[in-house]
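S.K.: any chance you could fold what I've pasted below:
(one chain, ligands or ions: 1)
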Amino acid sequence: MSPARHLLIVSHAPSANTRALTESVVRGASHPDIDGIVVRLLAPLEAGPPDVLWSHGLILGTTENFGYMSGALKDFFDRIYYPCLESTQGRPYALFIRAGNDGTGARTSIERIVTGLRWRAVAPPVIAAGPFQAAYVEQCEELGMTLAAGLEAGIF
Ligand SMILES: Cc1cc2nc3c(=O)[nH]c(=O)nc-3n(C[C@H](O)[C@H](O)[C@H](O)COP(=O)(O)O)c2cc1C
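M.R.: Numbering: from 1, shown residues only. This next block holds a predicted model:
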């Protein structure tokens, strides 16, 4: 049996809707048909360089605040950027964003940083903007499943 691969989910979830999105990402990533993946969920303020170095892939979640990612996720990037810069190039990652009405500012602010890290987007971001929809929960579940299945299959 090949060694387990590690999926780290770092999500800022300050509301019931963002918690529902986060839980659905975890549920998708933990799908019973997917073997050999260890899923770890952390809030950005709890996550640090050892967690990123432990991971073989990441899913990042945030609210859009003031046209940017949440301060908590920005703090995570501030702390992990240089310690992880050399050794995490090429890490597969995906993104989900909950926004009151937009989401593009959060997306571009994250993409600028992960471009510097040379992480690799392996799925289109889920942008859950405007009135909350059940479809967003399904899209997040699919996102979690996609990352975990890709890691299991060795595609990423
Ligand atoms: C301080 C603050 C700033 C915000 N700025 C934005 C923003 O720039 N763009 C946007 O679409 N939503 C913005 N929002 C809305 C949040 O994205 C939204 O409250 C969050 O995603 C949680 O939504 P929910 O309660 O439906 O889960 C902001 C919310 C707060 C509290």
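
S.K.: rounded mean pLDDT for stretch 11-20, please.
M.R.: Averaging pLDDT along stretch 11-20 gives 98.

S.K.: what sits up against that stretch?
M.R.: Stretch 11-20 has contacts (Cβ atoms under 8 Å, 6 or more residues apart in numbering) with 21-22, 25, 41-44, 59-63, 70, 72-73, 96, 98, 128, 132, 137. C-beta here means a position set from N, CA and C on the backbone, and glycine is covered the same way.

S.K.: return a PyMOL selection command for the buried portion of those residues.
M.R.: Here is the PyMOL selection string for the buried members of these, based on 16 or more other Cβ atoms under 10 Å:
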select buried, resi 21+22+25+41+43+44+59+60+61+62+63+70+72+73+96+98+128+132+137
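
S.K.: now, the contacts of stretch 11-20 that are in strands?
M.R.: L41, L42, I59, L60, G61, T62, T63, F96, R98, A128 (DSSP state E).

S.K.: if we can go back for a sec, filter the contacts of stretch 11-20 by proximity to the ligand?
M.R.: Restricting those to those near the ligand by Cβ under 6 Å from any ligand atom leaves T63, R98, F132.

S.K.: phi, psi for the residue lying closest to the last one once chain neighbours are set aside please.
M.R.: Leaving aside its sequence neighbours, F132 sits nearest to N17 (Cβ to Cβ, 6 or more residues apart in numbering; 4.8 Å). For N17, the backbone dihedrals are phi -70, psi -40 (criterion: degrees, to the nearest 10).

S.K.: ok, now R5?
M.R.: Torsion angles, degrees, to the nearest 10, at R5: phi -110, psi 150.

S.K.: quick check: it vs I155, distance?
M.R.: 11 Å (Cβ to Cβ, to the nearest Å).

S.K.: about what we covered before: burial of the residue nearest to F132, as a residue count?
M.R.: 17 (other Cβ atoms under 10 Å).

S.K.: up against the ligand, what does the chain have?
M.R.: 15, 17-18, 63-67, 98-103, 105, 132.

S.K.: that's a helix at I155, yeah?
M.R.: No: with DSSP: H, G, I helix; E, B strand; the rest coil as the criterion, I155 is coil rather than part of a helix.
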